[in-house]
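Engineer: missing the sequence, but the structure's below:
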């Protein structure tokens, strides 16, 4: 995909993929290998990569198309980087978010957070919650 057409965003944040979307991929081993490689490459693009990893056990064509879209995004953003700067302010700031019943297959919620010390990102996570929430307040 070295000569692919770049895209401006790695994933449609409004759309969600179901486990039954599209036809099954012929080479699931290749799909899993690429998804794992993207896990390491895309720490700053965790949501998009996490969406592909949800379907590693039985990928479909649309899931593989998402992997390729992420690669096209990477191709178009190779000039960007994560800049770490010294900060005189040692203010700790944390952000969190959750979506209620966001997984189309299990109806489980997704939650995530990021913590900053001054301007530097020091911790982050996003994951599917283990139980199904009965309300948006419970999910958050």
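Structural biologist: In hand now; what should we look at? This structure is a prediction, so every number in the text was calculated from the model and none was measured.
Engineer: Provide a list of residues in contact with residue 7.
Structural biologist: By C-beta atoms under 8 Å, 6 or more residues apart in numbering, the contact list for residue 7 reads 69, 72, 73, 76. Where C-beta positions appear, they are placed from N, C-alpha and C, glycine not excepted.
Engineer: Select only the buried ones of those in ChimeraX?
Structural biologist: Buried members of these, defined by 16 or more other C-beta atoms under 10 Å, are picked up in ChimeraX with:
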select :69,72,73,76
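Engineer: is it possible to export the contacts of residue 7 to JSON lines including distance to residue 130 and secondary structure?
Structural biologist: JSON lines is the format used below for those (distance: C-beta to C-beta, whole Å; DSSP: H, G, I helix; E, B strand; the rest coil):
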{"residue": "69", "distance to residue 130": "29", "secondary structure": "helix"}
{"residue": "72", "distance to residue 130": "33", "secondary structure": "helix"}
{"residue": "73", "distance to residue 130": "30", "secondary structure": "helix"}
{"residue": "76", "distance to residue 130": "36", "secondary structure": "helix"}
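Engineer: What values do phi and psi take at residue 126?
Structural biologist: Note on residue 126: its backbone torsions stand at phi -140, psi 140 [degrees, to the nearest 10].
Engineer: hang on, isn't it packed against residue 102?
Structural biologist: No - if you go by C-beta atoms under 8 Å, residue 126 and residue 102 don't touch, sitting 11.2 Å apart.
Engineer: which neighbours do these two share?
Structural biologist: What both residue 126 and residue 102 touch, as defined by C-beta under 8 Å, 6+ apart, is the set residue 110.
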